[in-house]
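S.K.: Sequence and predicted structure, then a few things I'm wondering about:
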Amino acid sequence: MSKRLPVTVLLLSLGLHPTLAAEKTDFAALGDEVVKLVRDNFMDAERGQAWAERHADYAADIRNAGSFTVRTNQVLGELETSHTRHYPRGSAGYWGLLAIFADFLEVGPVEHVSIGADVDNREFVRRVLAGTPADEAGVLRGDRIIKVEDGSLARIDPFANKAGVPIEILVERGPKRRAKLRITPRRINPKDEWIEAQGEGARLISREGVEVGYVPLYWCVGEEVTELMRELIAERFADADAMILDFRDGWGGCNPDFLNFFNTVPPVLTLIDREGERRSFDPQWRKPLYVLINGGTRSGKEVVAHAVQREMLGVLVGERTAGFVVGGRPFLLSDGSLLYLAVMDVEVDGERLEGVGVAPDVEVPDQLDFAAGADPQLERAVDLAVEQCRAAAPR
């Protein structure tokens, strides 16, 4: 009996498990697997069939894993659809997808060796996850990681087999500016790392008498995230004047019901005990809201950002989102690598966001390279929140 993902799961996220590794891979046969999966599962049956006929033997002359991934992603690119990519075993994207869909893929617990830094394809650090080894070692947003120990980052998984072992990494922080940092990678489930970092990274930013709550949301699906948001709204940010949600980069996971935190219809309850002591209970956020977005904001986060903008629940700050809004499903190939494939098209209130994305209300270009930890998009959102709160304050 074949498995089918419900629509809510398809919208959540929009690489090797050791027991799945093959000693010697027949890449022509592996290419045949990809062709069959696209033909039988791609969201547009006619386009999937035509693509499969065009690329029936695309991997016939491939002899190594690196060339297979490059060639596979080249031909998949012709489908011009997001959520459609090959992830080799051990890659960062591989571990993320495997962790997100572990139950569906029936691969058991997923762990990999991580330093807790989100790095782009040029090796620039986009985000240092709070409370991780990278954070403790002093890695900064905008650092470019050049070397791990005496090697380079050419390997897909440069920290494999280094869990618990202090190592040295070399980072570039600008022209002729380099730093050697001691860091101890750890073995962890990627989802656990994201969730922990979101709790550790949520903080109050004080400026000109205004308190702004900041929440980094690398991944925002599941009961742990729901509990974190409830705690922030009711306790840690109870006296804050505004909130900033950071939807940049990370994975796309964000269900539409995330918007319930910002629904102002539920009443505020005042609880009065027998001594007459009064205590308010209000699990809703009713104050100014800002949402950071960029080209790495994708899938479910785009759906939520679109609704925030349409319903005027808050202000979007940053750059246009990715336009990656279809339903994706992972397939585990025989060599243990992953094929992520768009299997369902999606409209949001009758509007198709795929290939379009969501434009910010306030555009702020990013400046990542050698940023030395600076974050102009976050700074602009804080400034806007302070301006709004001060303008609304009684005189």
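M.R.: All right, it came through fine.
S.K.: mean confidence score for stretch 99-116?
M.R.: Averaging pLDDT along stretch 99-116 gives 93.
S.K.: and it, how far out from the chain's middle?
M.R.: Counting by Cα atoms, centre = their mean, to the nearest Å, stretch 99-116 is centred 15 Å from the centre of its parent chain.
S.K.: For that stretch, measure first residue to last.
M.R.: 15 Å (Cα to Cα, to the nearest Å).
S.K.: now swap in stretch 235-255 and tell me
M.R.: End-to-end for stretch 235-255, by Cα to Cα: 23 Å.
S.K.: distance between that stretch and the chain's centre?
M.R.: 13 Å.
S.K.: Could you do stretch 283-290 as well?
M.R.: When distances are taken as Cα atoms, centre = their mean, stretch 283-290 is centred 23 Å away from the chain's centroid.
S.K.: Repeat that for stretch 98-118.
M.R.: That offset, for stretch 98-118, works out to 14 Å (Cα atoms, centre = their mean).
S.K.: Number the chain from 4, please
M.R.: New numbering, starting at 4: the last item is stretch 101-121.
S.K.: Quick one: end-to-end distance for that stretch.
M.R.: Per Cα to Cα, stretch 101-121 runs 17 Å from first to last residue.
S.K.: Give me the buried stretch members for it, please.
M.R.: Buried positions in stretch 101-121, judged by neighbour count with 16 or more other Cβ atoms under 10 Å: 101-105, 108, 110, 113-121. Quick note: C-beta positions are derived from backbone N, CA and C, even for glycine.
S.K.: Count the residues that sit near residue 271.
M.R.: 11 (other Cβ atoms under 10 Å).
S.K.: for it, what are its contacts?
M.R.: Residue 271 makes contact with 283, 284, 285, according to Cβ atoms under 8 Å, 6 or more residues apart in numbering.
S.K.: Redo the residues you listed as JSON lines? Include pLDDT, secondary structure and neighbour count.
M.R.: Formatted as JSON lines, the contacts of residue 271 follow (pLDDT from 0 to 100; DSSP: H, G, I helix; E, B strand; the rest coil; neighbours: other Cβ atoms under 10 Å):
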{"residue": "283", "pLDDT": "82", "secondary structure": "strand", "neighbour count": "10"}
{"residue": "284", "pLDDT": "79", "secondary structure": "strand", "neighbour count": "10"}
{"residue": "285", "pLDDT": "83", "secondary structure": "coil", "neighbour count": "15"}
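S.K.: out of these, which one sits closest to residue 228?
M.R.: residue 285 (19.6 Å; Cβ to Cβ).
S.K.: That closest one and residue 237 touch, don't they?
M.R.: Yes - Residue 285 lies in contact with residue 237 (Cβ atoms under 8 Å); the separation is 7.3 Å.
S.K.: Now do the SS call for the residue lying farthest from the centre of the chain.
M.R.: The outermost residue of the chain relative to its centre, with distances by Cα atoms, centre = their mean, is residue 278 at 48.1 Å. What DSSP: H, G, I helix; E, B strand; the rest coil gives for residue 278 is coil.
S.K.: The longest helix that the chain contains - what's its average pLDDT?
M.R.: The single longest helix within the chain, with elements called by DSSP state H, is helix 379-395. Confidence for helix 379-395, expressed as mean pLDDT, is 97.
S.K.: Tell me, how many residues neighbour residue 370?
M.R.: Other residues close to residue 370 by other Cβ under 10 Å number 12.
S.K.: Give me the nearest residue to it, chain neighbours excluded.
M.R.: residue 379 (5.5 Å; Cβ to Cβ, 6 or more residues apart in numbering).
S.K.: tell me the contacts of the one you found?
M.R.: Per Cβ under 8 Å, 6+ apart, neighbours of residue 379: 367, 368, 369, 370.
S.K.: Now which of those residues would you call buried?
M.R.: Applying 16+ other Cβ under 10 Å to those flags 367, 369 as buried.
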